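1. what follows is a predicted protein model with its sequence.
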Amino acid sequence: PSTMTAGAALVALSALGYATNPIFGKFAYAGGANAITLGAIRFTTAAVALWAFLAVTGKLRGLAWAMRLQLIALGGLGIAMVALLYFTALEHIGASLATGLFYTYPAMVVAVGLFRGDGLSRTGAMGLMLTLVGTWLLLGADLGGFTWQGALLILAAAVLYTAYIMVSDRLARGVSATVASAHMTAGAAAVYLTLALVTGQRFPTGGQPYLAGMGLALCSTVIALITFFAGLPRVGPARASIISTLEPVFTTLMAVLLLSERLNMLQTFGLGLVVTGAVAAQVKERAAPVGVEQA
């Protein structure tokens, strides 16, 4: 139980790190950055910091090159491409609807887990439903601004993120969370730097986007990745994905505290549902329910 509680806390901390994304992103865009240049700044900064830490602590040795390449590829195909699909989708669909559609990924993770025989307890299933409904209420997501192109892009991001979580759960087992994060950020940085070069992007000259990029590198990348990979093996992919729905909760609370935004009654109710669902997903039943394996 203590291991699972620690794992849940680590994944929740990861969600808090990712929740700073819109705050720093808004600051960076105001300074002249765009999705590609900001991604390049963010992941390059994170990769340099993580690799420097590994070099100083002597943790660069002991990992097979095949594993290194797989982790780098997972970062490039997973982290970088999910972000690129997500931000591209925002050009065709409303932000609330995009986020609401993206957060169908916990259901996808659970479905894949059930297919491979992982099982899900009744409380876990209840937690999943609560978080899905709560996320939509919290975001106020509706069909306004709906386009098929945007919807397909955001669902593609959700599917890719599902695959990323499932592969990470298997691939990164036995690998230090810091080592795994360093290799994955290197892969993501390579993708964004290549995109910036191919598309002829001009990097901003002011300091504001770089400060925001450093904030993203620390909070939304280094801390978020390390805590996620530290918590994932303790709680498993299904629970980790459900707990990760706390991200929009944290983002909303930051907007209330830092941007003076207000919550209406439905949003407040949705926030409560997400938190309740995330907690319910951690409850371990004493006996496995009929027809459902105990997680």
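-> All right, it came through fine. Bear in mind the structure is a predicted one, so any value in this text is a computation, not a measurement.
2. I'd like to check what contacts stretch 91-109. Which residues are they?
-> For stretch 91-109, the external contacting residues (Cβ atoms under 8 Å, 6 or more residues apart in numbering) are 86, 89-90, 128, 131-132, 135-136, 139-147, 149-151, 153-155, 157-159, 161-162, 165-166, 237-238, 240-242, 244-245, 248. C-beta: built from backbone N, CA, C; applies to glycine.
3. what is the end-to-end distance of that stretch?
-> One end of stretch 91-109 sits 26 Å from the other (Cα to Cα, to the nearest Å).
4. list the buried residues in that stretch.
-> For stretch 91-109, burial by neighbour count (16 or more other Cβ atoms under 10 Å) applies to 92-94, 96-109.
5. then stretch 4-21?
-> 4, 7-8, 10-21.
6. out of those, which is nearest to residue 204?
-> Lowest distance from residue 204 to the buried residues of stretch 4-21 (Cβ to Cβ) belongs to residue 21, with 18.2 Å.
7. residues contacting that closest one?
-> Contacts of residue 21 by Cβ under 8 Å, 6+ apart are 216, 220, 251.
8. now those residues as a markdown table including pLDDT?
-> Shown next, in a markdown table, are these (pLDDT from 0 to 100):
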| residue | pLDDT |
| --- | --- |
| 216 | 92 |
| 220 | 90 |
| 251 | 80 |
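9. among the residues you listed, which are in helices?
-> Using DSSP state H, the subset of those located in helices is residue 251.
10. which among the contacts of residue 21 count as buried?
-> 216, 220, 251.
11. which residue, other than its chain neighbours, is closest to the second one?
-> Nearest non-adjacent residue to residue 220, counting by Cβ to Cβ, 6 or more residues apart in numbering: residue 21, 4.9 Å away.
12. who are the packing partners of the helix or strand that contains residue 186?
-> In this structure, residue 186 is located in helix 177-198 according to DSSP states H and E. Contacts defined by 3 or more Cβ pairs under 8 Å, 6 or more residues apart in numbering; DSSP states H and E place helix 177-198 against helix 35-57, helix 65-74, helix 81-89, helix 224-243.
13. what is the orientation angle of the helix or strand that the shortest one is followed by with helix 81-89?
-> Meaning helix 81-89. Later in the chain than helix 81-89, the nearest helix or strand by DSSP H and E is helix 95-102. Using axes from the mean of the first three to the mean of the last three Cα atoms, to 10 degrees, the direction of helix 95-102 lies 140 degrees away from that of helix 81-89.
14. so how far is helix 95-102 off the chain centroid?
-> What separates the centre of helix 95-102 from the centre of its chain is 14 Å, taken as Cα atoms, centre = their mean, to the nearest Å.
15. thinking again about what came up before, can I get the buried ones among the contacts of residue 21 in a markdown table including distance to residue 176?
-> Shown next, in a markdown table, are those (distance: Cβ to Cβ, whole Å):
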| residue | distance to residue 176 |
| --- | --- |
| 216 | 22 |
| 220 | 20 |
| 251 | 29 |
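16. go through these and name the one nearest residue 170.
-> Nearest to residue 170 among the buried ones among the contacts of residue 21, with distances taken as Cβ to Cβ, is residue 220, at 24.3 Å.
17. now do the same contact list for the closest one.
-> Taking Cβ under 8 Å, 6+ apart as the test, what residue 220 contacts is 17, 18, 20, 21, 24, 42.
18. how much space between the second one and residue 280?
-> According to Cβ to Cβ, to the nearest Å, residue 18 stands 21 Å off from residue 280.
19. make a ChimeraX selection of the buried ones in the contacts of stretch 91-109.
-> Remark: buried members of the contacts of stretch 91-109, expressed as a ChimeraX selection using 16+ other Cβ under 10 Å:
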select :86,89,90,128,131,132,135,136,139,140,141,150,151,153,154,155,157,158,161,162,165,166,237,238,240,241,242,244,245,248
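20. out of the contacts of stretch 91-109, which are inside helices?
-> Those of the contacts of stretch 91-109 lying in helices (DSSP H): 86, 89, 128, 131-132, 135-136, 139, 149-151, 153-155, 157-159, 161-162, 165-166, 237-238, 240-242, 248.
21. remind me which residues of the stretch 101-250 of the chain are low pLDDT?
-> Scanning the stretch 101-250 of the chain for pLDDT under 70 picks out 117-121, 141-145.
22. what about 90?
-> Where the stretch 101-250 of the chain drops to pLDDT under 90, the residues are 101-151, 154, 166, 168-177, 205-206, 233-243, 245-250.
23. any idea of the pLDDT on the residue nearest to residue 220?
-> Listed pLDDT for residue 21 reads 84.
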